[in-house]
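>>> Predicted coordinates and the sequence they were generated for:
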Amino acid sequence: MNKRMWSVVTVLVLSWVAALAGFAQQGSDPAVGWAGLAGMDHLAVWTGKVQTSMSSSTHPTNGNKDFANFHGKDKGEEILFEHPGPGCVYRVWSAQPKGTIKFYLDAGAKPVLQCEFKQWLKQGKCDSLPSFHAGRDAEYVPICFDQNLRITTRDFNLMAYYQISYQLYDSSVQVKSFAPGADQGDPKGLAQARAFWDSNGETSEEMRRPLLVEESKVTIPAGKKQVLQSLSGAGVVREMFLRDGEDAGRNLSDLWLIISTDGRAEPDLLVPADAFFANKFETRNEWPNHEWKSLALEAGPQGFTSRWPMPFANGMKIEIENRGAKDRALFCRTSREEKNKLPANTMRFRALYREQDYEAKVTRKTSFGIKHPVDPSTNYMVLDRQGTGHYVGCILYVKSIGLMWWGEGDENTWVDKTDWPPQIQGTGTEDEFNWSWGFKNYLSPVSGALKSYPLTTKKKEVKENVVFRWRISDYVPFKKSIKVSYERVASLPMNYRYPGSLINMTHNRGDDYASVAFWYELMD
């Protein structure tokens, strides 16, 4: 063993039968309803029986008038969503909820659920429904349907922005339609989802299993790469903790995290360590006590934690590359669940870092109004991948240059296709991250704005913005390919160079983008 490395192994002695739980019991059916909110193991299990999409108020012809666009009308009620089952709605968001929202199940003439839209999304109050609130105006309570679901509204018209994220399942998947009541007929499922959500994943069933804890401390010479830990056999890393080996408050700048599984030459993950933990712009320092938490990642004064499940069938190697000019000491702790073997449909955890600096090229031609369609080829690409897997979220870093609002662009996600329209077409960048009308620093279990600035300023100084969203229940499966992107549409003051409409916009303002995309992939 390298003299610079030491390790301490602690075995929690619990039953071997319990240690075989988890992926081995996932089977080939997807997690549905509360199960999709009760843990993260399902993210790594490929079933081939799920399609994820979104019904939204986005402009149908790719303009930027992304409000008051409905999907039909029924008995005087505007339709927000309608689809045959089996399926499940996992997220409802609106920038300005108003009026009444109604849910009609399985061709029923009367709604099985109706709420005051604003009261539900802002206060979590709707009949006896539990609240799984995220951001400013989003709810993650699953509304499942066996045959059909129609969602309508009354008096929701002015500035009617909305997004409804949903999954559809293969006909072989058994789905129990929504039942009025707090637990929807599944008290155990609700209790597990509640514990997972409220504890930011710390008290999930997955984290309570027998775990093997290994600690290591390594000094990485400048310009060199060093193995932090080499894990053997099969298992799942449940938690990975990293910190500077000398000063826990020091950030992980100049260090790149490399994770490889099953002896493959190509790493599953090669990203800047700070960027992986949403700390590229030292975001930890923006929060009280230098601490923030979410279901998948957290940062604190003692270091950085990931709870993304990381399966491996034949060993895992965790390395750090020091791209800085000085030697660095690093401490690592992993908590893993050991397995005899993993099912063949267990995927591997992947992450990709990208960055792109854009030159400012604002001209009369590129300065446009609210109805101007955006050329998808100008989008910032978070992930463009061939293969089979589940996309589970991203961290977006933007250096905006002031001059009003940078995040007017919509999310465009193509699944197994490249032609227009994409399966997921958003209504604005902040909407995708569960906020509205610009960003304000906030945290929820599945999304957050860790560093943000007011949306209106005419100064040209650079501002650093950090936002994230985890797709735990509304993960996006892809069989052949996936492209996840954001339109680079930013606002300009009316009198900036090219006066025109009430809202002037451009995709050439010069904001710079970086990102970390997270997904699970079925490996050969």
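Alright, I've got the coordinates. The structure presented is a predicted model; accordingly, all values stated were derived computationally and were not measured. Numbering: from 1, shown residues only.
>>> any idea whether the spatially closest residue to Ser473 that is not a sequence neighbour is helix, strand or coil?
Excluding its sequence neighbours, the residue lying closest to Ser473 (C-beta to C-beta, 6 or more residues apart in numbering) is Gly36, at 3.8 Å. To be clear about C-beta, it is placed using only N, CA and C from the backbone, and glycine gets the same treatment. Following DSSP: H, G, I helix; E, B strand; the rest coil, the label given to Gly36 is helix.
>>> State the number of residues packed around Gly36.
If you count neighbours by other C-beta atoms under 10 Å, Gly36 ends up with 25.
>>> show me what contacts it?
Gly36 makes contact with Pro30, His42, Cys88, Tyr90, Pro142, Ile472, Ser473, according to C-beta atoms under 8 Å, 6 or more residues apart in numbering.
>>> State the distance from it to Glu430.
As judged by C-beta to C-beta, to the nearest Å, Gly36 and Glu430 stand 24 Å apart.
>>> Could you do Arg488 as well?
According to C-beta to C-beta, Arg488 stands 14 Å off from Glu430.
>>> Then Tyr169?
30 Å.
>>> what does Lys326 give?
38 Å.
>>> In contact with Gly510: list those residues for me.
By C-beta under 8 Å, 6+ apart, the residues touching Gly510 are Tyr358, Glu359, Ala360, Lys361, Val362, Ile401.
>>> What residues does Leu269 make contact with?
Leu269 touches Leu257, Ile258, Ile259, Phe276, Phe349, Arg350, Ala351, counting by C-beta under 8 Å, 6+ apart.
>>> is it true that the second one touches Glu266?
The one in question is Ile258. No: using C-beta atoms under 8 Å, Ile258 makes no contact with Glu266, being 10.7 Å away.
>>> more crowded one of those two?
Ile258 (18 against 7).
>>> Give the buried residues for the helix of greatest length in the chain.
Looking across the chain with DSSP state H, the single longest helix is helix 187-198. Using 16 or more other C-beta atoms under 10 Å as the test for burial, helix 187-198 gives Gly189, Leu190, Gln192, Ala193, Arg194, Ala195, Phe196, Trp197.
>>> In its sheet, which strands sit next to the helix or strand following it, and in what direction?
Counting by DSSP states H and E, the element after helix 187-198 in chain order, helix or strand, is strand 212-220. As defined by DSSP bridges, the strand partners of strand 212-220 come to strand 6-11 (antiparallel), strand 328-339 (antiparallel).
>>> If I average pLDDT within each of those strands, which one is lowest?
Ranked by mean pLDDT, these bottom out at strand 6-11, with a mean of 35.
>>> What lies in contact with stretch 373-389?
For stretch 373-389, the external contacting residues (C-beta under 8 Å, 6+ apart) are 46, 61-64, 347, 350, 352, 354, 356, 391, 394, 396, 409-410, 412, 420, 477-489, 507, 513, 515, 517, 519-522.
>>> And these, which of them are buried?
Among these, the ones that count as buried (16+ other C-beta under 10 Å) are 46, 62-64, 347, 350, 352, 354, 391, 394, 396, 409-410, 412, 477-478, 482-489, 507, 513, 515, 517, 519-522.
>>> burial count for the residue lying closest to Gly233 once chain neighbours are set aside?
Residue nearest to Gly233 in three dimensions, not counting chain neighbours: Glu338, with 6.5 Å by C-beta to C-beta, 6+ apart. Applying other C-beta under 10 Å, we find 18 residues neighbouring Glu338.
>>> could you point out where the chain is predicted with low confidence?
1-27, 456-458, 495-503 (pLDDT under 70).
>>> one step back: ok, Tyr169 and Glu430, which is more surrounded?
Taking neighbours as other C-beta under 10 Å, Tyr169 and Glu430 compare with Glu430 leading, 25 against 21.
>>> you'd agree the more buried one is up against Lys440?
No: using C-beta under 8 Å, Glu430 is not in contact with Lys440, being 9.4 Å away.
>>> so what's in contact with these two at the same time?
Applying C-beta under 8 Å, 6+ apart, one finds that Glu430 and Lys440 are jointly contacted by Ala449.
>>> OK, contacts around the nearest residue to Met347 once chain neighbours are set aside?
Leaving aside its sequence neighbours, Met347 sits nearest to Tyr520 (C-beta to C-beta, 6+ apart; 3.9 Å). Going by C-beta under 8 Å, 6+ apart, Tyr520 touches Leu43, Ala44, Trp46, Met347, Arg348, Phe349, Arg350, Gly389, His390, Val392.
>>> swap in Gly448?
Residues in contact with Gly448 (C-beta under 8 Å, 6+ apart) are Gly135, Trp292, Ser294, Phe433, Tyr442, Val467, Phe468.
>>> ok, now with 10 Å
Listed by C-beta atoms under 10 Å, 6 or more residues apart in numbering, the contact partners of Gly448 are 134-135, 278, 283, 287, 292-294, 297, 395, 433-435, 439, 441-442, 466-470.
>>> Please apply the same query to Thr261.
Thr261 is in contact with 231, 237, 267-269, 310-317, 348-350, 523, counting by C-beta under 10 Å, 6+ apart.
>>> 8 Å instead?
Asp268, Met310, Pro311, Phe312, Ala313, Asn314, Gly315, Met316, Lys317, Arg348, Met523.
>>> What segments of the stretch 1-150 of the chain are helices?
16-19, 117-123 (DSSP state H, counting those that start in this stretch).
>>> right, I mislabeled it, should have said the stretch 401-524 of the chain
Under DSSP H, counting those that start in this stretch, the stretch 401-524 of the chain gives helices at 429-432.
>>> ok, which stretches of it are strands?
411-415, 424-425, 442-443, 447-451, 463-470, 476-478, 481-486, 490-492, 504-506, 512-521 (DSSP state E, counting those that start in this stretch).
>>> any idea of the angle the fifth one forms with strand 512-521?
The directions of strand 463-470 and strand 512-521 differ by 10 degrees, with axes from the mean of the first three to the mean of the last three C-alpha atoms, to 10 degrees as the criterion.
>>> Against which helices or strands is strand 463-470 packed?
If contacts are counted by 3 or more C-beta pairs under 8 Å, 6 or more residues apart in numbering; DSSP states H and E, strand 463-470 sits against strand 389-400, helix 429-432, strand 447-451.
>>> Please write out the alpha-carbon positions of that strand in PDB.
What follows is strand 463-470, C-alpha atoms only, in PDB (Å, rounded to 0.1, in the frame of the first residue of the first chain):
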ATOM      1  CA  LYS A 463     -22.700  37.500 -12.100                       C
ATOM      2  CA  GLU A 464     -22.400  33.800 -11.100                       C
ATOM      3  CA  ASN A 465     -25.500  31.700 -11.000                       C
ATOM      4  CA  VAL A 466     -25.800  28.100  -9.800                       C
ATOM      5  CA  VAL A 467     -29.100  26.000 -10.000                       C
ATOM      6  CA  PHE A 468     -29.800  22.300  -9.800                       C
ATOM      7  CA  ARG A 469     -32.700  19.900 -10.300                       C
ATOM      8  CA  TRP A 470     -32.800  16.100  -9.600                       C
END
